[in-house]
Structure formats: structure tokens, C-alpha cells
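Colleague: Sequence and predicted structure are below.
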Amino acid sequence: MTERFFRCIECDLVICFTPYDTYPEYEFSKEEEDFVEIYSNDRTHLIIRHAKHSIEELIVNRDSMVCNRPHMNPVKESYMEATNGREGFVVRRWRESVNASCTYQLIHGRIELKNEKAEIQEKELRKQMEFEFKKMHKEKIDAFVSAYGKMVSGFNLTTFEDYAEIYETDDPLTGIGKLNKNTMNELVKISEKIFSQNELESVKEFIAGNNGFDGVITLKVQRKFEIRKTEKKMGEIVKFPPKEELIDIRKVGKL
């Protein structure tokens, strides 16, 4: 969806315009015996309220978006970083119900996304190994799973990218960690202490073949985010930007 975000400098509020703002509504007419189109404009009350205020457009970093629920959830609460070129903001967006319009809040601050926990897919890994290595002693599989889990528990979560590349999932606070080359080599070294030479080659192939997005070697990464608030730059609010940078909200056309 094409959206444009604006900030009313005087109110210190965020305004969002979308293509849906001017979509007509349809009602069934008994006289016409058909649905009739009714003009609608959700921008009207915003334009009336802020028409004579100083407005500036915000540039939103959509890659910074984080949510408190899966992306497909219609009532999720999402946060995105934005800037006017001088100051950083966070735009909070939510709706009370599926049929309700979105509500927006402007926060002076930035988003901090942290890795909270990384762990192996213990149950899935053990099950897959038992399926593929039917003749292998379960004690060896248990030893491998245990050693792998211990290795991952020692990872520094603040520099997790040194061990694995994180892939996004539908749940913004859950990632998939694909092991990098160095981490794969460390896992192979662990395997050398557990498996025989005859078994080792098959285990190496298993590790490499299950390090994809949906593989059992990849890691589950739990994350959390915080909004680090910053103080309002009152000088920026009192001293408006140059006129050419301001926008007349009444003249914003169709998106």
C-alpha cells in the first residue's frame, strides 16, 4: 500500500494518508434496486483540524517495522521509525477491532530490537536424525543434540550475527537462525568426537542439508523490542523549517 506520513509540527501529531481514504462506500437502494455509490473522504476531519498548521512530510523506514503480533493479524500493534531529516521518530499504528480505522501516535525516539533467546530445535532435530539414521545408536544422537544445544547456549546474543544469519518469519519476534560457515565448522568438530569415521560423512551431509530456512539444524531466535524515547527538540518546534519544506495538507492529492 502507498502511504504518506505527515507530522503537524504545532500539534506534534502524525497524520497518515492512504489510497483508501477516498474510496466510496456502497449501500443498497430500494428505489434503485441496486447498490449505489456514496462519496467518502476520511481525510476531511484531519484537513479541517490541521489546514492552517505547519505540516512536514516524514520519511518512514519500513524495514524497521516491528509488531507485537504476527504480521497477518489485523489488530496487531506495529512500530516504524521515521524522520523529518533533522529528528528521529517512531510511528505507532494500531486498531481496536478488525472493522475499525487505524489510529496513529508519534513518539520521539527509536526502536531497539534485541535477541532475547536462541535455541536448537531439539525435538525436531532428534526426530529427524532417528528417521534418517535408523541404524545409529540413539545414545550418539542424544550426545550430538546435547552438545549442539550446549554450544548454542554459549552464543553471545548481542553479536548473534557472528554465528548465524537471521531470517524473518510471520511472527516478527521469532526468527530463524541459519548457521554461517564458521559455526557449521564448529558443529562438524563436535560431530567428530561423537561419530565414527563411517558415520561422519553422512552426519556432515545431514548438517549441511538441514541448514535451510525450514531445516532442523537452524535455530529458533526469540527477540524483543523496546522504544527508547528521546526528548523533544523544542527548538525545532519553535523554529519552523523553511517554508519550502512545509506542506499544505489541503493540497495533498490522490496516492
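Modeller: Arrived safely, thanks for sending.
Colleague: Helix or strand with the lowest mean pLDDT in this structure?
Modeller: Lowest by mean pLDDT, DSSP states H and E among the helices and strands of the chain is helix 234-238, with a mean of 45.
Colleague: how about low-confidence regions in the stretch 101-250 of the chain?
Modeller: 233-245, 250 (pLDDT under 70).
Colleague: try 90 this time
Modeller: 101-102, 168-172, 213-214, 230-250 (pLDDT under 90).
Colleague: All the helices of it, residue numbers only.
Modeller: Counting by DSSP state H, counting those that start in this stretch, the stretch 101-250 of the chain has these helices, from start to end: 122-132, 138-153, 181-192, 197-209, 234-238.
Colleague: Share the number of residues neighbouring the closest residue to residue 113 other than its chain neighbours, please.
Modeller: In space, and not counting its chain neighbours, residue 113 is closest to residue 225: 4.7 Å by CB to CB, 6 or more residues apart in numbering. For every residue, glycine as well, the C-beta is placed using N, CA and C. Each residue near residue 225 was counted by other CB atoms under 10 Å, and the total is 17.
Colleague: Please tell me I have it right and residue 225 contacts residue 115.
Modeller: No: with the criterion set as CB atoms under 8 Å, residue 225 and residue 115 do not qualify as a contacting pair; they are 10.8 Å apart.
Colleague: Now the residue most central in space within the chain: closest residue in space that isn't a chain neighbour?
Modeller: Within the chain, the residue whose C-alpha comes closest to the C-alpha centroid is residue 66; the distance, by CA atoms, centre = their mean, is 3.7 Å. Distance criterion CB to CB, 6+ apart; nearest residue to residue 66, sequence neighbours excluded, is residue 225 at 4.6 Å.
Colleague: Now do the contacts for the one you found.
Modeller: By CB atoms under 8 Å, 6 or more residues apart in numbering, the contact set of residue 225 is 66, 79, 111-114, 173.
Colleague: For the closest residue to residue 246 other than its chain neighbours, what are phi and psi?
Modeller: Residue nearest to residue 246 in three dimensions, not counting chain neighbours: residue 54, with 5.4 Å by CB to CB, 6+ apart. Residue 54 has phi and psi values of phi -80, psi 120 when expressed as degrees, to the nearest 10.
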